[in-house]
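Sequence and predicted model, in that order:
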Amino acid sequence: MGIAPHAPAARQTPWWITSWMTRLALVVAALAVAAILMLTWARMGAASRISQLHAEIEKTDPHWRFEDAVREAAKLPDAENGALFLLKIVANMPKPHELSKEHQDLFKNRAMEQVLNVPQREALLEWHTKMAPTLRELEGAWKYERGAFPVTLDPLPFFSPSKAYDVLMPVLYLLNTHAMLQADNQDIDGVMRTGLLLLHLGKMSASPDAAYFRVSTRHAALGAFRRALSQGEPSEEMLRQADTALRKEWEYLSSQESLKVSRGLIGQTYVHLQNGNLTEDDVISRLKLQTPTAWRLTYSRTRDYLATLELSEGAIRAMDRPPWEWITAVRALEEKHLQTTWSLLAVITSISIGPGLVNGLALHLECDADKECLLTSIAAERFRKKHHRWPANMQELVSDAFLPSIPRNPFSGSELKFRPHDRGITISCENNGTGQSRDVEHQLWNVDIRRRTD
């Protein structure tokens, strides 16, 4: 009887393979590898999209980067540079040219004799008299068509520019004071000329870092023209010049131009982060931010920059639409941006472009509404001078060629409200709940009561 062969013992699986901890570790490792591959793929896709977007931008705006704009501005000869002319004037202004808060508050008032006591008035007149040579020098700005302020190409240029706004604020203070005193002395055409000079200074200061100065000159010019119409009777020639200047030079002061500056600044910051000239810690230190660790992670930088660039470019393109469509278009872009960005460039974006973009545009719309009301007021005043009566409606202004078309409310697209009454005309733009902007109303009084009603 034979002996049965001995069956081989079954192979036992090593304990470290059957261990639940090992299995878990393998799953985690697989997930980690998958995540890295996904992030790498997303990063490569974002980089490709960035290159594509850069190419699209450069087709329409070849010098869109901040440093490109600065280099272009540097080509302007010093002898033709109106900004250098302004800086020289500021440097030669009698010191101290900084005004106290009390003096600055005076610029908000349109009729000095109603708000100033004798010591305040005498102090302001003394300061204005001291600035007479500077005012004569400023008249020389008319010979300059362009201007560029010197800029240091700092890795974070929009936090340390040449400070053109701060440097030139004494010029704005001086011209505002001058317009106020001209109106007080009934030099109404002089007030109009000061408004024209302010508009020209805004056009002349076309440096990327002078956006705030341009916006300030726009507000100041509108204020001067309103003051002239409310306190006196400008000549036909000055009214015609103001109408032409507001239509031709306003484009240099537009919100779209400000957005282009922000886009270039963001682009330059990204380049500095990528090539190592700047680190997240540098930015955090400069901005004095208390930031979570997530904002310091570099793997999201490319994706984040893409979202930021898409937001700024989308907002710029939205400005090609009618003004009353801006807010809806940009709000959708802003919401998408906030959902897709969360690292450091998102913080920079929140400072230079959004998420306050909607409210920023609303303020631009308010200023545009102010301009439309002012242009209609100028047209109505010219009509009154010609026909010795107020127009019954805006169509009369169009028929008489004082307006090219019926002006529209930038907030809604509807016609401006035009209401003649016994004491003059009221022209207004009602805000439709857009952002933080307010309703805009211009009151054009009968000539015989203008100074009494201001």
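Received, thanks. Numbering: from 1, shown residues only.

C-alpha from now on. contacts and neighbour counts both.
Noted.

what's the average pLDDT for the helix or strand where Q256 lies?
Secondary structure assignment for Q256, by DSSP states H and E: helix 255-275. Averaged over helix 255-275, pLDDT sits at 73.

next one: stretch 124-142
In this model, stretch 124-142 has an average pLDDT of 86.

what's the answer for stretch 67-79, then?
For stretch 67-79, the per-residue pLDDT averages 77.

P391 - that's part of a strand, no?
No - counting by DSSP: H, G, I helix; E, B strand; the rest coil, P391 falls outside a strand, being coil.

Quick one: neighbours of it, just the number.
P391 has 19 neighbouring residues, counting by other CA atoms under 10 Å.

Ramachandran angles for it?
Taking degrees, to the nearest 10, you get phi -70, psi 150 for the backbone angles of P391.

Surely it and E381 touch.
No - using CA atoms under 8 Å, P391 makes no contact with E381, being 9.1 Å away.

re earlier: buried ones in the helix holding Q256?
Using 16 or more other CA atoms under 10 Å as the test for burial, helix 255-275 gives 255-270, 273.

Could you name the helices and strands sitting against it?
Other helices and strands packing on helix 255-275, by 3 or more CA pairs under 8 Å, 6 or more residues apart in numbering; DSSP states H and E, are helix 66-74, helix 301-318, helix 344-352.

Next, the angle helix 301-318 makes with that helix.
Here helix 255-275 runs at an angle of 170 degrees relative to helix 301-318 (axes from the mean of the first three to the mean of the last three CA atoms, to 10 degrees).

which stretches of the stretch 1-150 of the chain have low pLDDT?
Along the stretch 1-150 of the chain, the model assigns pLDDT under 70 to residues 1-20, 39, 42-43, 66, 69-70, 95-121, 149-150.

for the protein, what spans make up the strands?
Here the chain has its strands, by DSSP state E, at 417-421, 424-429, 440-445.

okay if I get the ones you listed as TSV plus mean neighbour count?
Below are those laid out as TSV (neighbours: other CA atoms under 10 Å):
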stretch	mean neighbour count
strand 417-421	15
strand 424-429	21
strand 440-445	20
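
Please identify which of those strands is closest to G314.
strand 424-429 (26.9 Å; CA to CA).

Strand partners (parallel or antiparallel) of that closest one?
Note on strand 424-429: by DSSP bridges, its sheet partners are strand 417-421 (antiparallel), strand 440-445 (antiparallel).

what about those, which gets the closest to M38?
Proximity to M38 (CA to CA) singles out strand 440-445 among the strands paired with strand 424-429, at 51.9 Å.

Residues contacting that closest one, please?
229-230, 366, 369-370, 373-374, 377, 423-431, 453 (CA atoms under 8 Å, 6 or more residues apart in numbering).

Distance-wise, check R247 relative to M394.
R247 sits 18 Å away from M394, going by CA to CA, to the nearest Å.

more crowded one of these two?
Between R247 and M394, M394 has the larger neighbour count (other CA under 10 Å), namely 22 against 12.

on that earlier part again, and the strands paired with strand 424-429: which comes nearest L24?
Closest among those, using CA to CA: strand 440-445, at 66.0 Å.

Just the mean pLDDT for that closest one, thanks.
On average, strand 440-445 scores 91.

quick one, what contacts the closest residue to R408 other than its chain neighbours?
Distances taken as CA to CA, 6 or more residues apart in numbering put E415 closest to R408, at 4.5 Å, once the chain neighbours are dropped. Listed by CA under 8 Å, 6+ apart, the contact set of E415 reads 406-409.

out of these, who's nearest T22?
Set against T22, the nearest of the contacts of E415 by CA to CA is N409 (69.0 Å).

so what pLDDT did that closest one get?
N409 is assigned 91 on the pLDDT scale.

show me the residues around it that make contact.
N409 touches 324, 369, 372, 415-416, 429-430, counting by CA under 8 Å, 6+ apart.

Among those residues, which are located in helices?
When the contacts of N409 are checked against helices (DSSP state H), the matches are 369, 372.

Name only those of the contacts of N409 that count as buried.
Neighbour-count burial (16+ other CA under 10 Å) is assigned, among the contacts of N409, to 324, 369, 372, 416, 429-430.

Which member of these is positioned nearest L168?
Nearest member of the buried ones among the contacts of N409 to L168, counting by CA to CA, is A369, at 26.1 Å.

picking that back up, distance-wise, check the residue nearest to R408 relative to L124.
In this view, E415 and L124 are 42 Å apart by CA to CA.

What is the burial count for D439?
With neighbours defined by other CA under 10 Å, the count for D439 comes to 14.

Switch the contacts of N409 over to JSON lines; also include distance to R136 and pLDDT.
JSON lines is the format used below for the contacts of N409 (distance: CA to CA, whole Å; pLDDT from 0 to 100):
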{"residue": "W324", "distance to R136": "41", "pLDDT": "83"}
{"residue": "A369", "distance to R136": "33", "pLDDT": "90"}
{"residue": "E372", "distance to R136": "31", "pLDDT": "93"}
{"residue": "E415", "distance to R136": "42", "pLDDT": "92"}
{"residue": "L416", "distance to R136": "39", "pLDDT": "93"}
{"residue": "C429", "distance to R136": "37", "pLDDT": "90"}
{"residue": "E430", "distance to R136": "40", "pLDDT": "84"}
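
Name the nearest of the contacts of N409 relative to P234.
Using CA to CA, E372 comes nearest to P234 of the contacts of N409, at 18.5 Å.

All the helices of the stretch 151-300 of the chain, in order from the start?
For the stretch 151-300 of the chain, helices defined by DSSP state H, counting those that start in this stretch occupy the ranges 164-184, 188-204, 211-231, 236-249, 255-275, 280-287.
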